[in-house]
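Q: okay, sequence plus prediction incoming.
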Number of protein chains: 2
Amino acid sequence: MAERNAAPRKSDRTRAAILSAAREQFAANTYDKVSIRAIAAQAGVDPALVMRYFTNKETLFACAVNVDLRLPDLRSEPPTTWGAVHATHFIDLWEGPDRNEALPILIRSAVTHEWAAERAREIFTVQIRGMLESTMPADEAGRRAALAGSQLLGLALARYVLRLPGIAERPAAEIIADVAPTLQRYLTADLP
Amino acid sequence: MAERNAAPRKSDRTRAAILSAAREQFAANTYDKVSIRAIAAQAGVDPALVMRYFTNKETLFACAVNVDLRLPDLRSEPPTTWGAVHATHFIDLWEGPDRNEALPILIRSAVTHEWAAERAREIFTVQIRGMLESTMPADEAGRRAALAGSQLLGLALARYVLRLPGIAERPAAEIIADVAPTLQRYLTADLP
């Protein structure tokens, strides 16, 4: 009985170690250059065990980059603060104490893997669109959510992937202050 | 004499055919999946000829994606129009009659190849920073150029690569009208 309870915990730890090693490998290399063998070696397990848990590299990649982010519900905040709330939360996802280590891999994968692109669309627009749709027509909600998503995608690319000077090295609070008014306009102001 | 004049023209055409085939291959596949053999077949030449002209896949890729874009000099325009001028020119680079076919490949490559990232930094901020530096302190110019670059990078990713609904399917004129005020603020308005 004790053994039956202990077993899942060990396999959970092994699984987590493999996923953690996979994230490091996929963050450091392009998809094609990463091998199951290298991930297994870094996790300290046999490659056959990696295959038993994740079947193949494609599935392991999908699991490693599986980002399920809940954005804060803007509808519970005063509309005049939406730009700042959205910007602050987004920067926290990348830099805060509970930052999501899979995000940089997701952004890089989104340009080459359709399912990563689909996940990025979900994170960058679908949730916000859903929140806006209860207060305005669907096409307006879609337009506003996509515009806000475009600024956040570009911020992620500029600050974390391409590391553009002028945006990569500045404190998070300054970036939030610069970008929040853009999001505020896209989310709530009159658009042309 | 006639032959000596004709020869360079034939080699220029061959070179252009190889580059055009390379762009199509690199646009449709990730770097690692593209082969010199496939590019040669599409261009209708021998693989050995591709190697003679471009030495290896890395060099061929760099030449195929070598985007040398001159942005319009904002200083010759009234500052109140900079946002609209910059947005319009950027959309034209992607969608206008003289659009640059290498741009989508460059954006996708920038997340995996450092030299493509460097070229993207040049296109998205360095030129604009240079224009702004003659009218304001260098660090302010760098900050404004990077903010504008982040919005344009995100727009490119959202509209042309991820094809976010709400931004991908709308007419260019609407996108320009939506985004121009953001660029205008980043380039000329008082920042926090």
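A: Ah, there it is.
Q: what is the burial count for whatever residue of chain A ends up closest to chain B?
A: With Cβ to the nearest Cβ, the shortest gap between chain A and chain B falls at residue A:154, namely 2.3 Å. Every C-beta, even on glycine, is put in place using the N, C-alpha and C of the backbone. When neighbours are counted by other Cβ atoms under 10 Å in any protein chain shown, residue A:154 registers 27.
Q: residues touching the residue nearest to residue A:143 when sequence neighbours are not counted, list them.
A: Nearest residue to residue A:143, sequence neighbours excluded (Cβ to Cβ, 6 or more residues apart in numbering or on different chains): residue B:166, at 4.9 Å. Neighbour list for residue B:166: A:125, A:129, A:139, A:142-147 [criterion: Cβ atoms under 8 Å, 6 or more residues apart in numbering or on different chains].
Q: now the residues you listed: which count as buried?
A: Buried by 16 or more other Cβ atoms under 10 Å in any protein chain shown: A:125, A:129, A:142-147, out of these.
Q: and those, which is closest to residue A:41?
A: residue A:125 (38.4 Å; Cβ to Cβ).
Q: picking up where we left off before, ok, the residue of chain A closest to chain B touching residue B:146?
A: No. Residue A:154 is beyond contact range of residue B:146, at 10.3 Å (criterion: Cβ atoms under 8 Å).
Q: the residue sitting nearest the centre point of chain A: what's it in contact with?
A: Centrality entry for chain A: nearest residue to the mean C-alpha point is residue A:103, 3.5 Å, by Cα atoms, centre = their mean. Going by Cβ under 8 Å, 6+ apart, residue A:103 touches A:67, A:93-94, A:156, A:160.
Q: and the pLDDT at it?
A: pLDDT, residue A:103: 87.
Q: please list all residues in contact with residue A:72.
A: Contacts of residue A:72 (Cβ under 8 Å, 6+ apart): A:85, A:89.
Q: backbone torsions only: list them for it.
A: Here the main-chain torsion angles of residue A:72 (degrees, to the nearest 10) amount to phi -70, psi 150.
Q: quick revisit: can you lay out the buried ones among the contacts of residue B:166 as TSV showing secondary structure and pLDDT?
A: Output for the buried ones among the contacts of residue B:166, formatted as TSV (DSSP: H, G, I helix; E, B strand; the rest coil; pLDDT from 0 to 100):
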residue	secondary structure	pLDDT
A:125	helix	89
A:129	helix	94
A:142	helix	96
A:143	helix	96
A:144	helix	97
A:145	helix	96
A:146	helix	96
A:147	helix	97
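Q: from those, which single one is nearest residue B:15?
A: Comparing those against residue B:15 with Cβ to Cβ places residue A:146 closest, at 40.0 Å.
Q: helix, strand, or coil at the closest residue to the closest one other than its chain neighbours?
A: Distances taken as Cβ to Cβ, 6+ apart place residue B:166 nearest to residue A:146, at 3.0 Å, with adjacent residues excluded. Following DSSP: H, G, I helix; E, B strand; the rest coil, we place residue B:166 in the coil state.
Q: quick revisit: what about the residue of chain A closest to chain B, which helix or strand?
A: In this structure, residue A:154 sits in helix A:138-156 according to DSSP states H and E.
Q: what's the spacing between that helix and its chain's center?
A: Chain-centre distance of helix A:138-156: 16 Å, with Cα atoms, centre = their mean, to the nearest Å.
Q: helix or strand right after that helix?
A: Moving toward the C-terminus from helix A:138-156, the next element (DSSP H and E) is helix A:172-188.
Q: so for stretch A:59-74, what gets flagged as buried?
A: A:60-65, A:67, A:71, A:74.
Q: same check on stretch A:35-50?
A: Neighbour-count burial for stretch A:35-50, counted by 16+ other Cβ under 10 Å, picks out A:36, A:38-40, A:43, A:45, A:50.
Q: ok, the residues you listed vs residue A:28, which is closest?
A: Closest to residue A:28, out of all of these and judged by Cβ to Cβ, is residue A:38, at 9.9 Å.
Q: now the closest one: closest residue in space, sequence neighbours ignored.
A: Sequence neighbours aside, residue A:25 is the residue nearest to residue A:38 in space, at 5.8 Å (criterion: Cβ to Cβ, 6+ apart).
Q: okay, that neighbour and residue B:84: tell me how far apart.
A: 45 Å (Cβ to Cβ, to the nearest Å).
Q: higher neighbour count, those two?
A: Taking neighbours as other Cβ under 10 Å, residue A:25 and residue B:84 compare with residue A:25 leading, 23 against 17.
Q: ok, now how distant is that one from residue A:40?
A: Taken as Cβ to Cβ, the span from residue A:25 to residue A:40 is 10 Å.
Q: now swap in residue A:124 and tell me
A: 33 Å.
Q: the closest residue to residue A:110 other than its chain neighbours: how many residues sit nearby?
A: Excluding its sequence neighbours, the residue lying closest to residue A:110 (Cβ to Cβ, 6+ apart) is residue A:120, at 4.1 Å. As a burial measure, residue A:120 scores 26 neighbours (other Cβ under 10 Å).
Q: give the contact list for residue A:120.
A: Residue A:120 neighbours (Cβ under 8 Å, 6+ apart): A:106-107, A:110, A:153, B:162.
Q: next, the distance between the ends of stretch A:91-108.
A: End-to-end distance of stretch A:91-108 (Cα to Cα, to the nearest Å): 17 Å.
Q: just give me how far it sits from the chain centre.
A: Here the centre of stretch A:91-108 is set off from its chain's centre by 6 Å, with Cα atoms, centre = their mean.
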